[in-house]
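J.: here you go, sequence then predicted model.
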Amino acid sequence: TVGPCRAGLVGRRLRPVKTSRAAYDPALEEGATEPLGFFDPLGFTKGKDAANFRKFRVAETKHGRVAMMASIGTVVSHSV
């Protein structure tokens with residue numbers, strides 16, 4: 001095997017690689033429907049990437065499920 005010194009890799013400066021990634025647009029995600037489109041009145045997703053958007057969406061689903069179970073529990077406890 002040839003070491004990094006013999007291969008001429010030591011001391012070289014790497015040029016920064018420019019990538020052409022499009023900005024993340026949450027309005028293109030599933031769930032943005034007509035006539036309302038994407039609804040984010042408080043701007044929670046402004047400047048966020050896809051991973052943060054997914055985290056917010058999962059948290060919203062989880063909290064919605066907890067709220068539905070709480071409302072069922074309220075009705076059941078009132079009936080008993």
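T.: Happy to help now that I have it.
J.: quick one: residues contacting residue 24.
T.: Going by C-beta atoms under 8 Å, 6 or more residues apart in numbering, residue 24 touches 48-50, 53. C-beta: built from backbone N, CA, C; applies to glycine.
J.: sec struct for it, please.
T.: Each residue gets one of three states, and residue 24 gets coil by DSSP: H, G, I helix; E, B strand; the rest coil.
J.: circling back: can you tell me which of the contacts of residue 24 are in strands?
T.: By the criterion of DSSP state E, membership of those in strands covers no residue at all.
J.: now the two most distant members of those.
T.: 48 and 50 (8.2 Å; C-beta to C-beta).
J.: between these two, point out the one with more neighbours.
T.: Neighbours were tallied for residue 48 and for residue 50 using other C-beta atoms under 10 Å; the higher tally belongs to residue 48 (15 against 11).
J.: and the more buried one, how far is that from residue 65?
T.: From residue 48 across to residue 65, the span is 23 Å (C-beta to C-beta, to the nearest Å).
J.: now the helices for this protein?
T.: Across the chain, reading from the start of the chain, the helices by DSSP state H fall at 50-79.
J.: since that was my last question, I'll sign off now.
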